[in-house]
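A.B. asks: let's see this in three dimensions:
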Amino acid sequence: MKDVQKPELICDREPIHLPGSIQPHGVMLVVDLPTLAVRYAAGDVEALLGVANWQGLPLADIIGPVLAGRVRDLQEARGLTSFLGQCEAANGAPLDIGASFNGGFALIEFEPAGVEAPGTAVLDRIQAAIGGFEQAASLRSLCERGAEAVRRLTGFDRVMIYQFLDDDAGKVVGEARREDLHSFLNHHFPASDIPRQARALYLRNLTRTIPDIAYVPAPLRPAWAEPEPLDMSDSVLRSVSPVHLQYLANMGIRASASISIVKDGALWGLIACHHETPRALTFEMRIAGRTLAAAFAQQVKAREEADGYRERIRLRSAEDELVRLLSRDGLLDEVLANHLTEVRRALGADGIAIIRGQELIAGGIHPDEPSIRALAQWLLKRQGETVFATANLQAHYPPGLMFRNDASGVLATVLSAEEPWLLIWFRTEHIETIRWAGNPHKAPTGPGEMLTPRASFDAWAETVRGRSRRWSLPEIEAAGRLRIALLDVRHNRQLRDLNRQLTQILHDKETLLQQKDFLIGEVNHRVQNSLQLVSGFLSLQARAAEDEALRGALDEARRRVGAVALVHKRLYRGDQIQLVDLGRYVEELCFDTITSMGGDWGAHLTLDVSPVMVPTDRAVTLALVLTELLININKYAYGGRPGPIEIRLLEERSNLQLRVTDQGRGRANAQSGFGSRMMEGLVKQLGGTLFYQDNHPGLSALLTAPIEAPSGGAA
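C.D. replies: Numbers count the residues shown, from 1 in each chain. Coordinates of the predicted model:
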């Protein structure tokens, strides 16, 4: 069985911009561009303009060269104006001339000029009407004043301010009428009454007039022979859809006119004018009507923006209070639970639910827990939407029909899809009785049947269910801002917790460092005491020994113990951590060692050391090597007497070089023993090399070692 198409869909496809004919109260000349020769015409050109052989005739021969020359000016300024000027009809009556353009053609239209009041009087009316718009106390009052002003200007029996709703249906929000006519105020009209392509033309062509619906269309002459049909979207005289003419006839209307109300580039509504007898809306009146409609649209925008501003201020105040409450100490989930009512009321909701992980808390009027969890899963699947709002949940989420009494409206924001974490506000069902101008549910058109408009416009009531109060744009924006604020609160809480943890860690570390310093000081004190005891014991043994060789060995051992004590004292102080400046410690170590060797040695010492940062443990080993070299110079180079000593330290890429030079007896007098074996062990531990060179006189020892311990090597 063939599908039956909805009538509104058929209406939407009707090519109303390609009628191929005009309304016969005027005439149209289709002029070739750029020659400006007449190619086609529609209407009684011969009678109205007194031109019989018009085809191929230059436009200038019909309207004169001045007006014909303006066609090119209008083409360059297309969209700014369509008025060429005036000329006389064959009978001497004035005609208004307009122009529009389509492809390679100009559409030149002639229609009777007005006989209304002079221009200054019309301007006075417009100025007075605009002043009344500015004084209107409310949007409803503004609509009433707008309808009354246009009726006084045009003289139509009925003038309605018709506002388009979210579903493209329309509602009469203002009306001025003849007293004996019934009222359409607050009545709704279905979207199918004004199809989609008609709304597009209303946005493109701001005024439309039908002086008499009983006209017989005047087709283009000769028959259109171009590849593409003639687009008459911008034509004033364009013939009207037969369906629309029948629609007006069913309403008992003989003439109509409409003026578009455009706000921010979108079609907000129409000023619809109806008359029970034929009535034209001249070019001058159309311009006046457009001026009034523009002023009306500005006032609508101003009031909507003022209302939105007041609501945003209220919501901002509520948001600030919520953020203040939620920023208090304590777990965020607990704080939210304690202030659930405030969060709900902030956005004018009847109920609220918060889901975080497996936890769910709810307040006010809301669906049961399984329904909320199922809804949350559906919301999480809507990728890319951090805020979702609807006043008709079941239209998006069919299971919502089961709990529409409690939650026909939903405003939800996803804070985290991973946890998950959602806030959902609910609004209960708002049962509404809508008054329609006739039954909006027309019977579908069957196959082969002609599409006809509805015949009845009697008041028809419909009860609408499954909808809640609409969420306003400021409320939706507030939900998005509250989402960001909650994430900021959580982030700030996490930072505060982290700071507290770091502060505690730093306090604990400081305590540990103090304990470490105390322990190091205590260990250093004990080591120093032990080394002093050993040194004292060796000194006593040396004095008691009768064997000269034994006495010398004990005395050498005592000096090495003393050197170790000096190294330990210098390197293990409380202000050392990981790295030390080896240059500084070489200076201090040499001073201490030379002093222990005798006061006269200091005058013979030359130091040339650069700052080299080395790990503390390697500095200990390097200091022991240097101490052993100084002991050898004292013992072998000069035989215990003072002599010149030169010490140099420098950094070479990743290595250090320590050179110790004397001018003593030379290497031949050096002996191999315990000191030499200890030196070899220390150099190996450093991963370095030690070379001896003759200094002529004396000996030069060069130690080269990595600054850092070799990978896998000894420290």
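
A.B. asks: how much space between the residue sitting furthest away from the middle of the chain and residue 470?
C.D. replies: For the chain, the C-alpha farthest from the mean C-alpha position belongs to residue 546; by CA atoms, centre = their mean, that distance is 95.1 Å. From residue 546 over to residue 470 the distance is 116 Å, taken as CB to CB, to the nearest Å. In short, each C-beta sits where N, CA and C put it, glycine included.

A.B. asks: ok, residue 213 next?
C.D. replies: Taken as CB to CB, the span from residue 213 to residue 470 is 37 Å.

A.B. asks: between those two, who's got more neighbours?
C.D. replies: residue 213 (19 against 15; other CB atoms under 10 Å).

A.B. asks: for the more buried one, give me its contacts.
C.D. replies: Going by CB atoms under 8 Å, 6 or more residues apart in numbering, residue 213 touches 240, 245, 248-249, 253-256.

A.B. asks: ok, now with 7 Å
C.D. replies: 245, 248-249, 253-255 (CB atoms under 7 Å, 6 or more residues apart in numbering).

A.B. asks: list the buried residues in whichever strand or helix holds residue 71.
C.D. replies: Following DSSP states H and E, one finds residue 71 within helix 65-76. Buried residues in helix 65-76, counted by 16 or more other CB atoms under 10 Å: 67-68, 70-71, 74.

A.B. asks: just the buried positions in stretch 303-322, please.
C.D. replies: So for stretch 303-322, counting by 16+ other CB under 10 Å, buried means 303, 311-312, 315, 318-319, 322.

A.B. asks: those in helices, which ones?
C.D. replies: The helices, defined by DSSP state H, take in 303, 311-312, 315, 318-319, 322 from the buried residues of stretch 303-322.

A.B. asks: roughly how far does residue 34 sit from residue 101?
C.D. replies: For residue 34, the distance to residue 101 - CB to CB - is 12 Å.

A.B. asks: these two: which is more packed in?
C.D. replies: residue 101 (18 against 11).

A.B. asks: for the more buried one, give the beta-bridge partners.
C.D. replies: Here residue 101 sits in beta bridges with residue 106, going by DSSP bridges.

A.B. asks: quick one, helices of the stretch 451-600 of the chain?
C.D. replies: Secondary structure of the stretch 451-600 of the chain, counting by DSSP state H, counting those that start in this stretch: helices at 473-544, 548-571, 582-597.

A.B. asks: rank those by pLDDT, which is bottom?
C.D. replies: Mean pLDDT per stretch puts helix 548-571 lowest among the helices of the stretch 451-600 of the chain, at a mean of 70.

A.B. asks: would you agree residue 32 is in contact with residue 105?
C.D. replies: Yes - with contacts counted by CB atoms under 7 Å, residue 32 reaches residue 105, the gap being 6.5 Å.

A.B. asks: look at those two and report which has more neighbours.
C.D. replies: Looking at residue 32 and residue 105 with other CB under 10 Å, you find the greater number of neighbours at residue 105, namely 18 against 15.

A.B. asks: re the thing from before, for ChimeraX, what selects the buried ones among the contacts of residue 213?
C.D. replies: Here is the ChimeraX command that selects the buried residues among these (16+ other CB under 10 Å):
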select :245,248,253,254,255
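
A.B. asks: just the ones of the contacts of residue 213 in helices?
C.D. replies: 245, 248-249.

A.B. asks: and these, which is closest to residue 342?
C.D. replies: Lowest distance from residue 342 to those (CB to CB) belongs to residue 248, with 54.2 Å.

A.B. asks: doesn't residue 256 make contact with the closest one?
C.D. replies: Yes - between residue 248 and residue 256 there is a contact under CB under 7 Å: 5.7 Å.

A.B. asks: secondary structure element for residue 172?
C.D. replies: Counting by DSSP H and E, residue 172 is part of strand 170-177.

A.B. asks: quick check: phi and psi on the residue farthest from the centre of the chain?
C.D. replies: Dihedral pair for residue 546: phi -90, psi -30, per degrees, to the nearest 10.

A.B. asks: what confidence value was assigned to it?
C.D. replies: Reading off the model, residue 546 has pLDDT 76.

A.B. asks: tell me the two of the ones in helices among the buried residues of stretch 303-322 that are most distant?
C.D. replies: Top of the distance list for these (CB to CB): 303 and 322, 28.6 Å.

A.B. asks: domain parsing for the protein?
C.D. replies: 8-16+116-217+238-308, 21-112, 328-429, 496-576, 579-715 (automatic domain parsing).

A.B. asks: quick one: closest of those domains to residue 225.
C.D. replies: domain 21-112 (8.9 Å).

A.B. asks: re earlier: tell me the one of the buried residues of helix 65-76 nearest residue 403?
C.D. replies: residue 74 (60.4 Å).

A.B. asks: if we ignore the residues flanking it in sequence, what's nearest that closest one?
C.D. replies: residue 99 (5.1 Å; CB to CB, 6 or more residues apart in numbering).

A.B. asks: how about residue 32?
C.D. replies: Closest to residue 32 by CB to CB, 6+ apart is residue 39, at 5.0 Å.

A.B. asks: contacts for the helix or strand where that neighbour lies, please.
C.D. replies: Using DSSP H and E, residue 39 maps to strand 38-42. With contact meaning CB under 7 Å, 6+ apart, strand 38-42 is reached by 21-22, 27-32, 54-57, 59, 218-222, 224.

A.B. asks: make it 6 Å
C.D. replies: 22, 28-32, 54, 57, 218, 220-221 (CB atoms under 6 Å, 6 or more residues apart in numbering).

A.B. asks: report the buried members of these.
C.D. replies: Buried among these (16+ other CB under 10 Å): 22, 28-31, 54, 57, 218, 220.

A.B. asks: rewinding a little: could you redo the ones in helices among the contacts of residue 213 as CSV and give each row pLDDT?
C.D. replies: Formatted as CSV, those follow (pLDDT from 0 to 100):
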residue, pLDDT
245, 88
248, 88
249, 88
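
A.B. asks: which of those residues sits closest to residue 501?
C.D. replies: residue 248 (77.2 Å).

A.B. asks: check contacts around the closest one.
C.D. replies: Contacts of residue 248 by CB under 6 Å, 6+ apart are 213, 256.

A.B. asks: how close does it sit to residue 286?
C.D. replies: 19 Å.

A.B. asks: how about residue 402?
C.D. replies: With CB to CB as the criterion, residue 402 and residue 286 are 53 Å apart.

A.B. asks: more neighbours: which of these two?
C.D. replies: Comparing residue 402 with residue 286 by other CB under 10 Å, the one with more neighbours is residue 286, at 21 against 14.

A.B. asks: so which strand or helix has that one?
C.D. replies: Using DSSP H and E, residue 286 falls in helix 283-326.

A.B. asks: ok, then the element right after that helix?
C.D. replies: helix 332-338.

A.B. asks: before we move on, back to that, how about the helices of the stretch 451-600 of the chain in JSON lines, adding distance to residue 159 and mean neighbour count?
C.D. replies: JSON lines is the format used below for the helices of the stretch 451-600 of the chain (distance: least, CB to CB, whole Å; neighbours: other CB atoms under 10 Å):
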{"stretch": "helix 473-544", "distance to residue 159": "30", "mean neighbour count": "13"}
{"stretch": "helix 548-571", "distance to residue 159": "101", "mean neighbour count": "17"}
{"stretch": "helix 582-597", "distance to residue 159": "99", "mean neighbour count": "19"}
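
A.B. asks: so what's residue 205 up against?
C.D. replies: Here residue 205 is in contact with residue 234 (CB under 6 Å, 6+ apart).

A.B. asks: just to revisit the earlier point, could you dump the contacts of residue 213 to JSON lines with distance to residue 611?
C.D. replies: Listed next are these as JSON lines, based on distance: CB to CB, whole Å:
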{"residue": "245", "distance to residue 611": "101"}
{"residue": "248", "distance to residue 611": "100"}
{"residue": "249", "distance to residue 611": "105"}
{"residue": "253", "distance to residue 611": "102"}
{"residue": "254", "distance to residue 611": "106"}
{"residue": "255", "distance to residue 611": "103"}
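
A.B. asks: all set now, cheers.
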